[in-house]
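A.B. asks: Coordinates for the following, if possible.
(one chain, ligands or ions: 1)
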Amino acid sequence: PQERHYYFNVSTMEERHPDGMGRTLMVINGQYPGPMIEAHSGDTIVIHVKNQMNSDPVTIHCHGLFLRDQAYNDGASFINQCPIPPGGSYEYRIKLDPDQYGTYWYHSHYGTQYADGLFGPLVIHSREEYEDLDYSYDKELVVLVNDYYHDAGYKYLPTYLAPGNENTEPVPDNGLIQGQNYFNYVESNYVVPNGGNISDLTQEVSHTVFNLDPNSTYRVRVINAGFFLPFEIEIDGHMLEVVEADGTLVEPIQVSSLTMSVAQRYSFVLLPQEEDFASKNYWMHAQFNRFCAKEENPNFDTDVKAVINYTPNSNILEPTTWQYNGGDVRCRDFDQSKLKTLNTKVPKVANGSNLPDLRVDIDILFMIGAYQMARGYLNDKTYLPVQNGSTMYQAAFALGGTPRKDLNDNQVFSFKDNQYIVNLNKRGQIVDFVVNNYDDGAHPFHLHGHKFWVLAIGDSGYFEDEYYHESGAINFENAVLRDTVNIPGFGWGVIRFVVDNPGVWPFHCHIGWHMEAGLLLQINALQDEYSQWDHFPQDWYSQCKYWQNRL
Ligand code: C2O
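C.D. replies: Just a heads-up that it's a prediction; the model follows:
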């Protein structure tokens with residue numbers, strides 16, 4: 001095991017043009033997206049962060065890392081640490097679990113900053129993983145895809161969070177692959193956000209080009225580093241053999257395309273289908289599709305593309321491929337059915353028993369007009385930083401509206417400053433979260449510090465107790481183990497995890513706008529064994545309060 005040092009100077013830069021349109025971005029070492037962190041299982045990553053921004057505090061959260069006994073370095077603002085003030089610095093020293101490997105990413109966990117540029121890939125290699133893979137591959141390609149806005153996230157927030165603005169998440173202006181894309185706008189239609197001017201479109205930017213060696217087999221690691229939208233990725237003329245989901249090896253399946261919600265990752269082995277592929281270039285497509293976003297924002301070309309260039313073909317050769325199976329793809333529904341059968345390859349079994357030690361029922365109540373709710377709710381609580389809290393736990397509004405079910409009678413729920421805390425104090429306990437989504441939109445939920453087995457996903461209706469006993473309704477055998485699960489609109493999901501990692505860990509919807517709307521609760525695991533508060537210098541508390549007040 002090695003220590004790997006990364007030096008992150010975080011600053012704001014004006015006039016960046018990822019797609020030609022000028023805007024201010026938050027950047028790491030001047031880079032957008034941020035630099036890749038790479039390590040081996042068991043290594044220690046040390047991220048030396050210097051906040052050189054003028055007015056924003058910042059944190060770095062390594063998404064999906066276990067941070068065993070290191071919750072204080074998880075980077076969730078106000079939950080695991082006070083954000084690093086402007087001019088300040090902080091050292092994230094993260095000992096990687098010897099068993100953890102795969103495709104991860106990092107992002108700021110303060111406000112809307114990750115929509116504004118603060119994210120990057122994080123890859124953990126492992127000999128064990130390589131041996132367990134059925135495929136050998138020669139080379140890797142790490143592909144970051146994100147939805148992209150032409151203005152700063154915080155500017156959209158007041159309107160979005162105002163009561164009565166249900167379902168008005170800001171629609172992205174574009175999507176980027178590897179932080180770059182052509183901006184396909186129609187001048188007469190395009191309204192530049194927040195009063196900007198089309199003359200700000202100062203530069204022509206073309207698609208990202210990936211130069212591949214036709215004699216090598218590639219493992220492609222794809223990360224949805226977006227703030228809001230899922231996408232479907234495909235590569236003309238190729239099949240994708242999926243081998244990894246969120247850092248877990250899965251039984252390989254071949255798909256022609258792959259749907260990913262925000263914060264999810266997949267690896268696939270790239271399988272060319274044409275004999276003469278080496279003499280061609282191909283399009284990589286990331287299709288964004290949200291209520292057929294084109295209608296809402298006619299300038300969002302939802303077919304976001306990059307070029308797969310087989311060297312030594314000219315890399316400016318535009319691909320002519322277009323393999324879609326018929327018709328206009330822009331408004332088709334994403335087909336996730338294949339991914340539902342994803343099975344974990346290693347480790348095999350969720351646990352011996354079909355029934356958990358503990359079941360926690362969670363309702364997603366989100367922006368539901370009938371209840372006049374202006375925020376996101378888990379059961380009847382929304383998450384909001386408190387201004388005068390004596391601890392770093394967050395408080396919630398007293399709310400209008402009635403949740404459809406009252407599921408708060410479970411012993412494990414407690415309240416601190418009126419905020420839910422799920423207290424889990426038995427080491428090794430097996431916990432199921434049953435999540436019913438009473439909202440029409442899908443919500444990609446992420447649990448910090450853990451992976452969970454996705455025991456079942458229901459596309460419609462709500463969870464019934466019988467499902468535990470009906471054969472096949474729930475996968476107790478080899479369900480996929482991951483850290484981000486998409487709970488379908490008016491649907492449900494059951495996830496299972498083991499209580500083995502002390503700390504306070506957020507469980508939240510990863511749609512950035514929804515996080516800001518309060519769709520988050522905290523798990524306090526094994527608090528008798530460990531207190532993350534011991535790791536904070538005393539004077540950070542006043543700092544912390546200052547930034548909370550500003551939110
Ligand atoms: Cu990817 Cu709470 O984070």
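
A.B. asks: residues contacting E275?
C.D. replies: Residues in contact with E275 (Cβ atoms under 8 Å, 6 or more residues apart in numbering): none are found. (Glycine included, C-beta is placed from N, CA and C.)

A.B. asks: Give me the residues contacting whichever strand or helix holds I233.
C.D. replies: According to DSSP states H and E, I233 maps onto strand 231-235. With Cβ under 8 Å, 6+ apart as the test, strand 231-235 has contacts from 145, 147, 175, 222, 224, 240, 256-260, 270, 282-289, 304, 308, 323, 334.

A.B. asks: Note down every partner strand of that strand and its orientation.
C.D. replies: Using DSSP bridges, strand 231-235 pairs in its sheet with strand 258-260 (antiparallel), strand 281-288 (antiparallel).

A.B. asks: Now mean neighbour count and distance to E516 too, for these, in CSV please.
C.D. replies: Conversion of the strands paired with strand 231-235 to CSV gives the following (neighbours: other Cβ atoms under 10 Å; distance: least, Cβ to Cβ, whole Å):
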stretch, mean neighbour count, distance to E516
strand 258-260, 23, 22
strand 281-288, 24, 21
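
A.B. asks: mind putting those in TSV, distance to the ligand and mean pLDDT included?
C.D. replies: Listed next are these as TSV, based on distance: least, Cβ to the nearest ligand atom, whole Å; pLDDT from 0 to 100:
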stretch	distance to the ligand	mean pLDDT
strand 258-260	14	91
strand 281-288	19	91
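
A.B. asks: With V346 as the reference, name the closest of these.
C.D. replies: Of all the strands paired with strand 231-235, it is strand 258-260 that lies closest to V346, at 20.7 Å by Cβ to Cβ.

A.B. asks: Packing partners of the helix or strand that that closest one is followed by?
C.D. replies: Where DSSP H and E defines the elements, the next helix or strand beyond strand 258-260 is strand 265-272. Contacts defined by 3 or more Cβ pairs under 8 Å, 6 or more residues apart in numbering; DSSP states H and E place strand 265-272 against strand 102-107, strand 218-224, strand 238-245, strand 248-255, strand 258-260.

A.B. asks: Just say which of the ones you listed is most tucked in.
C.D. replies: strand 102-107 (a mean of 25; mean count of other Cβ atoms under 10 Å).

A.B. asks: which residues touch that strand?
C.D. replies: 34, 37, 47, 60-65, 113-114, 118-124, 129, 142, 144, 221-223, 225, 244, 246-249, 263, 265-267.

A.B. asks: Give me the buried stretch members for the strand holding I233, please.
C.D. replies: By 16 or more other Cβ atoms under 10 Å, the buried positions in strand 231-235 come out as 231-235.

A.B. asks: what do you get for stretch 167-178?
C.D. replies: 169-178.

A.B. asks: which one is I177 nearest to, not counting chain neighbours?
C.D. replies: Leaving aside its sequence neighbours, I177 sits nearest to A306 (Cβ to Cβ, 6 or more residues apart in numbering; 4.1 Å).

A.B. asks: got a list of what whichever residue of the chain sits closest to the ligand touches?
C.D. replies: In the chain, the residue that lies nearest the ligand is H63 (3.6 Å; Cβ to the nearest ligand atom). Contacts for H63 (Cβ under 8 Å, 6+ apart) come out as 104-107, 122, 263, 446, 483.

A.B. asks: Contact residues of this structure facing the ligand?
C.D. replies: 61, 63, 76, 107, 109, 263, 446, 448, 506, 508, 510 (Cβ under 6 Å from any ligand atom).

A.B. asks: Look up which residues are beta-bridged to the second one.
C.D. replies: In this structure, H63 has beta-bridge partners W105, where bridges are defined by DSSP bridges.

A.B. asks: ok so Y160 is a strand residue?
C.D. replies: No. Y160: not assigned to a strand; according to DSSP: H, G, I helix; E, B strand; the rest coil it is helix.

A.B. asks: ok, now which ones touch it?
C.D. replies: Taking Cβ under 8 Å, 6+ apart as the test, what Y160 contacts is 168-170, 513, 516-517.

A.B. asks: Of the residues you listed, which belong to helices?
C.D. replies: When DSSP state H defines the helices, the subset of the contacts of Y160 inside them is 513, 516.

A.B. asks: which one among the contacts of Y160 gets closest to V431?
C.D. replies: Using Cβ to Cβ, the shortest approach to V431 within the contacts of Y160 belongs to A517, at 25.4 Å.

A.B. asks: Can you verify my assumption that that closest one contacts N167?
C.D. replies: No. In this structure, A517 is not within contact of N167 by Cβ atoms under 8 Å, at 11.5 Å.

A.B. asks: related to what we said a few turns ago, pipe the residues of the chain next to the ligand into a markdown table and attach pLDDT, secondary structure and distance to N425 per row.
C.D. replies: Shown next, in a markdown table, are the residues of the chain next to the ligand (pLDDT from 0 to 100; DSSP: H, G, I helix; E, B strand; the rest coil; distance: Cβ to Cβ, whole Å):
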| residue | pLDDT | secondary structure | distance to N425 |
| --- | --- | --- | --- |
| H61 | 98 | strand | 25 |
| H63 | 98 | strand | 26 |
| A76 | 91 | coil | 21 |
| H107 | 98 | strand | 30 |
| H109 | 95 | coil | 25 |
| A263 | 98 | coil | 28 |
| H446 | 98 | strand | 23 |
| H448 | 97 | coil | 18 |
| P506 | 90 | strand | 18 |
| H508 | 93 | strand | 22 |
| H510 | 96 | coil | 27 |
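
A.B. asks: Give the buried subset of the residues you listed as a ChimeraX selection command.
C.D. replies: Command for ChimeraX that selects the buried part of the residues of the chain next to the ligand, burial taken from 16+ other Cβ under 10 Å:
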select :61,63,76,107,109,263,446,448,506,508,510
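
A.B. asks: can I get the residues of the chain next to the ligand in TSV with distance to A162?
C.D. replies: As requested, those are exported to TSV (distance: Cβ to Cβ, whole Å):
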residue	distance to A162
H61	27
H63	29
A76	25
H107	26
H109	24
A263	26
H446	26
H448	29
P506	25
H508	21
H510	23
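
A.B. asks: My guess is E241 contacts Y135. True?
C.D. replies: Yes. Assessed by Cβ under 8 Å, E241 is found in contact with Y135 at 6.8 Å.

A.B. asks: so what's in contact with these two at the same time?
C.D. replies: 252, 269.

A.B. asks: Tell me the secondary structure at G120.
C.D. replies: Relying on three-state DSSP, one would call G120 strand.

A.B. asks: Against V171, how distant is it?
C.D. replies: 24 Å (Cβ to Cβ, to the nearest Å).

A.B. asks: and the contacts of H63, which two are the farthest apart?
C.D. replies: Every pair of those checked by Cβ to Cβ; the farthest is L122 and H446, at 14.7 Å.

A.B. asks: Which segments of this protein make up each domain?
C.D. replies: 1-124, 133-338, 347-550 (automatic domain parsing).

A.B. asks: among the ones you listed, which is the most enclosed?
C.D. replies: domain 1-124 (a mean of 21).

A.B. asks: tell me how far it is from the chain's mean position?
C.D. replies: With Cα atoms, centre = their mean, to the nearest Å as the basis, domain 1-124 stands 14 Å off its chain's centre.

A.B. asks: on that earlier part again, and the buried residues of strand 231-235, which is closest to G472?
C.D. replies: Distances from G472 to the buried residues of strand 231-235, taken by Cβ to Cβ, are shortest for E232, at 27.0 Å.

A.B. asks: Output the buried residues of stretch 167-178 in a markdown table, with pLDDT appended to each entry.
C.D. replies: Below are the buried residues of stretch 167-178 laid out as a markdown table (pLDDT from 0 to 100):
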| residue | pLDDT |
| --- | --- |
| E169 | 85 |
| P170 | 88 |
| V171 | 86 |
| P172 | 89 |
| D173 | 89 |
| N174 | 90 |
| G175 | 93 |
| L176 | 97 |
| I177 | 97 |
| Q178 | 97 |
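
A.B. asks: Now, those that are in helices?
C.D. replies: Going by DSSP H, the helices hold none of the buried residues of stretch 167-178.

A.B. asks: Now go through those and say which are in strands.
C.D. replies: Counted as lying in strands by DSSP state E, out of the buried residues of stretch 167-178, are 174-177.

A.B. asks: can I get those residues in a markdown table with distance to I362?
C.D. replies: Shown next, in a markdown table, are these (distance: Cβ to Cβ, whole Å):
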| residue | distance to I362 |
| --- | --- |
| N174 | 34 |
| G175 | 31 |
| L176 | 33 |
| I177 | 34 |
